[in-house]
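Novice: Show me how the following folds:
(one chain, ligands or ions: 2)
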Amino acid sequence: MHTRPTRSALYIPGSKDRALDKARGLPVDVILFDLEDAVAPDAKIAARDTLFAALAGGGYGPRQRIVRINGLDTQWGRADAAAVAAMDCDAILLPKVNSPDDVDALAALVPDLPIWAMMETPQSVLNAAHIAAHPRMAGFVMGTNDLAKDMGSRGRPALMMALQMCLLAAKAAGIVALDGVYNAFQDDDGLRAECAEGRDLGFDGKTLIHPAQIAIANAAFGPTMDDIALAHRQIAAFAAAEAQGQGVAVVDGKIVENLHIVTAKATLAKAEAIAALESA
Ligand SMILES: CC(C)(COP(=O)(O)OP(=O)(O)OC[C@H]1O[C@@H](n2cnc3c(N)ncnc32)[C@H](O)[C@@H]1OP(=O)(O)O)[C@@H](O)C(=O)NCCC(=O)NCCSC(=O)C[C@H](O)C(=O)O
Ligand SMILES: [Mg+2]
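Specialist: Ligands and ions are numbered 1, 2, ... in the order given. Okay, here's the model as predicted:
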């Protein structure tokens, strides 16, 4: 189980001082500092220095700080990787990964940081299990815009198989899986529905493009008070059943077995990790 909360992961253009500063006070679990698509080509080189200085300045607290570089097949990728290796961050995110070979190439340039992969090409989806199993791989981020572009598809239902293939691969390898962005950043109801869908599929959180989306993602991917209360009741009921030599308890008319206790304990651990993050 992953102990650090990843309910919300906000992209921040690495070129924008104001947004980089604003992020220090945002209640987001993960910051995706972007050198790729959020940065215009003529700003990309300067963005490395801007981002280096922002991270060196600190103030991001216990949030995970992940830097997305440009692809290694672009004119900026290799220098981005070298720059990120010297930055004060928690992980590096590689876009448009196609295969474990792409991860190997980055691993050779950046020996120490955990690597995350943007899953956003048809090849990445077909190779998801091998990419997830790479020893340096720590998390998947779905790139639903690029995936839809490459697929020539429209709408989320068309991406469902790809989302689930990547999820299966991530779960099998025990790495984090974050859902793609919701582009209509002023449509709260639409975001809420897509967060609920991603959570129910099994994603660990949602990637975001605007601060106004954070609260909705945090609410959707965090345990509710009802979830926490149910977990406590399940644990208590199962302990009582075990004390009487039973392997099954009943709570709210539903059976509770040992496997449900694993989930209940994971819910409580997640709630504790969120509380610790929010009080830090
Ligand atoms: C979408 C935006 C361009 C909207 O920006 P703006 O018009 O400035 O919004 P607001 O005026 O409402 O902003 C209010 C304040 O919030 C700050 N802000 C805005 N966005 C961010 C952010 N992402 N992080 C931190 N702070 C942010 C503004 O500076 C305002 O602050 P203040 O002036 O103090 O009031 C903009 O939100 C934006 O650029 N978002 C990021 C876009 C992005 O990162 N795109 C790339 C990632 S998505 C992607 O690549 C997906 C994937 O690869 C795929 O294939 O799917
Ligand atoms: Mg993309």
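Novice: elements contacting the helix or strand encompassing Ala240?
Specialist: For Ala240, the host element (DSSP states H and E) is helix 225-243. Contacts defined by 3 or more Cβ pairs under 8 Å, 6 or more residues apart in numbering; DSSP states H and E place helix 225-243 against strand 249-251, strand 254-256, helix 258-279. From N, CA and C alone the C-beta is placed, and that goes for glycine too.
Novice: Export those as JSON lines, with columns for mean pLDDT.
Specialist: JSON lines is the format used below for the helices and strands packed on helix 225-243 (pLDDT from 0 to 100):
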{"stretch": "strand 249-251", "mean pLDDT": "97"}
{"stretch": "strand 254-256", "mean pLDDT": "97"}
{"stretch": "helix 258-279", "mean pLDDT": "95"}
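Novice: ok so, going back, what's the angle between the helix holding Ala240 and helix 258-279?
Specialist: Relative orientation of helix 225-243 versus helix 258-279 (axes from the mean of the first three to the mean of the last three Cα atoms, to 10 degrees): 140 degrees.
Novice: For the residue of the chain positioned farthest from its centre, give its distance to ligand 1.
Specialist: Centroid-distance maximum for the chain: Gln244 at 41.9 Å, with Cα atoms, centre = their mean. Computed as Cβ to the nearest ligand atom, to the nearest Å, the Gln244 to ligand 1 distance reads 52 Å.
Novice: Which phi and psi values does that residue adopt?
Specialist: In this entry, Gln244 is assigned phi and psi values of phi -100, psi 20 (degrees, to the nearest 10).
Novice: Convert stretch 159-179 to CSV, retaining C-alpha atoms only.
Specialist: Only the C-alpha atoms of stretch 159-179 are listed here, as CSV (Å, rounded to 0.1, in the frame of the first residue of the first chain):
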residue,chain,number,x,y,z
LEU,A,159,-10.5,5.3,-23.3
MET,A,160,-11.9,3.0,-20.7
MET,A,161,-10.0,-0.1,-21.8
ALA,A,162,-6.7,1.8,-21.9
LEU,A,163,-7.4,3.3,-18.4
GLN,A,164,-8.2,-0.2,-17.0
MET,A,165,-5.2,-1.9,-18.7
CYS,A,166,-2.9,0.7,-17.1
LEU,A,167,-4.6,0.3,-13.8
LEU,A,168,-4.2,-3.4,-13.8
ALA,A,169,-0.5,-3.1,-14.6
ALA,A,170,0.0,-0.5,-11.8
LYS,A,171,-1.9,-2.6,-9.3
ALA,A,172,0.0,-5.7,-10.2
ALA,A,173,3.3,-3.9,-9.7
GLY,A,174,2.2,-2.1,-6.6
ILE,A,175,2.8,1.4,-8.0
VAL,A,176,0.6,4.5,-7.8
ALA,A,177,-1.9,5.2,-10.6
LEU,A,178,-3.3,8.7,-11.2
ASP,A,179,-6.2,9.5,-13.5
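Novice: burial of Leu51, as a residue count?
Specialist: Neighbour count of Leu51, defined by other Cβ atoms under 10 Å: 27.
Novice: where are the low-confidence patches of the protein?
Specialist: Along the chain, the model assigns pLDDT under 70 to residues 1.
Novice: run the last query once more with 80
Specialist: For the chain, the stretches with pLDDT under 80 are 1-3.
Novice: check contacts around the spatially most central residue of it.
Specialist: The residue lying closest to the centre of the chain (Cα atoms, centre = their mean) is Leu178, at 3.5 Å. Leu178 is in contact with 6, 9, 30, 139-142, 203-207, counting by Cβ atoms under 8 Å, 6 or more residues apart in numbering.
Novice: a strand runs through it, doesn't it?
Specialist: Yes - if the criterion is DSSP: H, G, I helix; E, B strand; the rest coil, then Leu178 is within a strand.
Novice: For it, give its distance to Lys254.
Specialist: Distance from Leu178 to Lys254, counting by Cβ to Cβ, to the nearest Å: 30 Å.
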